[in-house]
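Participant: Based on what follows, work out the 3D shape:
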Amino acid sequence: MFLINENTLVTLDVVERFFCCDIDACLGQCCIDGDAGAPITAEEEEKIRELLPEIWDDLLPRAQQEIEQNGISYHDPEGELVTQILDNSNCVFSCYAAGGKCICAIEKAYREGRIGFMKPISCALYPLRLKTLSNGSVAVNYHRWKICKSAEVLGRSKKMRVYEFLKEPLIRRFGQEWYDELVANCELYIKQYLSS
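Facilitator: Residues are numbered from 1 along each chain as shown. This next block holds a predicted model:
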């Protein structure tokens, strides 16, 4: 693992694995499958609640009903705040585009310039997952999931490693200085261990 900024433990998977989302192949399955909604912070929950009128018409009718009845989030069995889901499946913020692609209504509105918030950081960082350790440090782990196999294949064909693909959300979460330190560690690791 890399120790970045003296308080973040980052899995070597960020440099050893290749990744580039291929929504044409997976159709956004990560917003559908799973046993809980997307992890969100209390601040993100408040931000989403404020932006709800801007994305409301993009939501599925059943999602609108779920939000009206139960709110936008709940605490999962581990006590983590997560987005509501429908029938143990779709995130309530899922919507569908041409070709049956499942996309995030929040991100859709952001990309269309209607709102200034892209989406929860846990979604932006996927396939990386963050865990706060008992000493206050943060562990950054790679989540392997069969539905992301196409992303690994596309990443390999583009020679794009996880840390490169997730540059923007990593900077958003940890800052430019932190990311620069990660890149320096990754480049050194590639030179020492992955170069042929």
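Participant: Which residue ranges of the protein form strands?
Facilitator: 2-4, 8-10, 73-75, 81-83, 94-97, 101-104, 128-132, 138-142 (DSSP state E).
Participant: Can you tell me which of those is nearest to residue 188?
Facilitator: strand 2-4 (9.8 Å; Cβ to Cβ). In this view, the C-beta of every residue, glycine as well, is placed from N, C-alpha and C.
Participant: In the sheet, which strands lie alongside that closest one, parallel or antiparallel?
Facilitator: Sheet pairing of strand 2-4 (DSSP bridges) gives strand 8-10 (antiparallel).
Participant: Name the residues that touch the strand it pairs with?
Facilitator: Strand 8-10 is contacted from outside by 1-4, 133, 137-140, 174, 178, 182, 185, using Cβ atoms under 8 Å, 6 or more residues apart in numbering.
Participant: Most neighbours among those residues, which one?
Facilitator: Of all those, the highest neighbour tally under other Cβ atoms under 10 Å goes to residue 140, namely 25 neighbours.
Participant: Provide a list of residues in contact with that residue.
Facilitator: Applying Cβ under 8 Å, 6+ apart, the residues contacting residue 140 are 8, 9, 10, 11, 14, 128, 129, 130.
Participant: again, 7 Å this time
Facilitator: By Cβ atoms under 7 Å, 6 or more residues apart in numbering, the contact set of residue 140 is 8, 9, 10, 11, 128, 130.
Participant: in the chain, which ranges drop under the pLDDT threshold?
Facilitator: 196 (pLDDT under 70).
Participant: got the buried residues for stretch 46-61?
Facilitator: 47, 48, 51, 52, 54, 55, 58, 59, 60 (16 or more other Cβ atoms under 10 Å).
Participant: Between all of those, which two are separated the most?
Facilitator: Maximum pairwise distance in the buried residues of stretch 46-61, criterion Cβ to Cβ, is 20.9 Å, between 47 and 60.
Participant: show me where the protein has helices.
Facilitator: 13-16, 23-26, 42-55, 61-70, 105-111, 121-124, 149-158, 162-165, 167-174, 176-189 (DSSP state H).
Participant: any idea of the angle the fourth one forms with helix 42-55?
Facilitator: The directions of helix 61-70 and helix 42-55 differ by 130 degrees, with axes from the mean of the first three to the mean of the last three Cα atoms, to 10 degrees as the criterion.
Participant: coming back round to it: and of the buried residues of stretch 46-61, the nearest to residue 144?
Facilitator: residue 48 (27.9 Å).
Participant: quick one on the thing from earlier: turn the helices of the chain into a markdown table, including distance to residue 85.
Facilitator: Putting the helices of the chain into a markdown table (distance: least, Cβ to Cβ, whole Å) gives the following:
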| stretch | distance to residue 85 |
| --- | --- |
| helix 13-16 | 27 |
| helix 23-26 | 18 |
| helix 42-55 | 14 |
| helix 61-70 | 8 |
| helix 105-111 | 14 |
| helix 121-124 | 13 |
| helix 149-158 | 22 |
| helix 162-165 | 26 |
| helix 167-174 | 22 |
| helix 176-189 | 31 |
